[in-house]
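Novice: kindly generate the corresponding structure for this input.
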Amino acid sequence: MDLINALNWRYATKRMTGQKVPQEKIETILEATRLSASSMGLQPYTILVIENEELKKKIQPAAYNQPQIVEASHLLVFTAWNDITQKQVDDYIIHIAEVRGVSEESLNSFKAAFQNIINRPQEEKYQWAARQAYIAFGTAIAAAALEKIDATPMEGFNAEAMDALLNLKEQGLRSVTILALGYRDAEKDFLAGAKKVRREKENLIVELV
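Specialist: Numbering: from 1, shown residues only. Here you go, the predicted model:
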């Protein structure tokens, strides 16, 4: 299935069957997400993978009792770093040096560029991190479609309740969005056979010449 066909096939699934997604497909989606674009490559977010049925039941009330939470095979909870610290940047520079086989000193100018982010107010840093998480989130949606796995992007949840349930504050994280992965229940989902509605190209895209 090529990308355009996959994106035409996918939709925000409202009801799922509960059938388990094969682990190899989950790993493919996660690896695609790991390889997603990120500003300066920092990836200031953590993705929680939840398959445990009891935990999903606990999450459901925080997600306004949406059925996909418990009907999904897996939940991917995208969480952003609450802060961007010098240590996080230092660790990233060390990692680059190790992977590329270069000295840390050769990366000094790149490291210095992070000061513009580190020096921002804390909430502004969180918002920047959350936007980075959304880039990965979009990649995960496309990857799931290519694997023909249904996915429901979910912003409809109580973030404070979710953070408390998953002990995210203690980890320096805040929940941003959820991606429920599974298989559509065509008999129960009123959108399963509906045509995709998007703005026409000429109304959406403006070519500047």
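Novice: would you mark the buried spots in the helix ranked longest in the chain?
Specialist: As assigned by DSSP state H, the longest helix anywhere in the chain is helix 122-146. For helix 122-146, burial by neighbour count (16 or more other C-beta atoms under 10 Å) applies to 125-126, 128-130, 132-133, 135-137, 139-146. From N, CA and C alone the C-beta is placed, and that goes for glycine too.
Novice: for it, the averaged confidence score.
Specialist: Average pLDDT, helix 122-146: 98.
Novice: hang on, isn't residue 74 packed against residue 48?
Specialist: No - between residue 74 and residue 48 there is no contact under C-beta atoms under 8 Å: 10.3 Å.
Novice: these two: who's more crowded?
Specialist: residue 74 (22 against 16; other C-beta atoms under 10 Å).
Novice: so who does the residue lying closest to that one once chain neighbours are set aside touch?
Specialist: Counting by C-beta to C-beta, 6 or more residues apart in numbering, residue 74 lies nearest to residue 181, which is 4.6 Å off, once chain neighbours are set aside. Residue 181 makes contact with 21, 26, 29, 72, 73, 74, 75, 76, 144, 149, 150, 151 under the criterion C-beta atoms under 8 Å, 6 or more residues apart in numbering.
Novice: run through the residues that contact the residue nearest the centre of the chain.
Specialist: Closest to where the C-alpha atoms of the chain average out (C-alpha atoms, centre = their mean) is residue 137, at 3.0 Å. Residues counted as contacts of residue 137 (C-beta under 8 Å, 6+ apart) are 78, 153, 176, 177, 179.
Novice: now, among those residues, which is nearest to residue 63?
Specialist: For the contacts of residue 137, the minimum distance to residue 63 (C-beta to C-beta) is 11.0 Å, reached by residue 177.
Novice: pairing partners for the host helix or strand of that closest one, with directions?
Specialist: In the assignment (DSSP states H and E), residue 177 maps to strand 173-182. Applying DSSP bridges, strand 173-182 is found paired with strand 74-81 (antiparallel), strand 150-154 (antiparallel).
Novice: now do that strand, average pLDDT.
Specialist: Averaged across strand 173-182, the pLDDT comes to 98.
Novice: could I get that strand in PDB with only the CA atoms?
Specialist: Provided in PDB are the C-alpha atoms of strand 173-182 (Å, rounded to 0.1, in the frame of the first residue of the first chain):
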ATOM      1  CA  LEU A 173       6.900  14.800  31.500                       C
ATOM      2  CA  ARG A 174       3.500  16.100  30.600                       C
ATOM      3  CA  SER A 175       1.000  14.200  28.400                       C
ATOM      4  CA  VAL A 176       0.300  15.800  25.000                       C
ATOM      5  CA  THR A 177      -1.800  13.400  22.900                       C
ATOM      6  CA  ILE A 178      -2.800   9.800  22.600                       C
ATOM      7  CA  LEU A 179      -2.800   7.400  19.600                       C
ATOM      8  CA  ALA A 180      -5.000   4.400  19.900                       C
ATOM      9  CA  LEU A 181      -3.900   1.500  17.600                       C
ATOM     10  CA  GLY A 182      -6.100  -1.400  16.600                       C
END
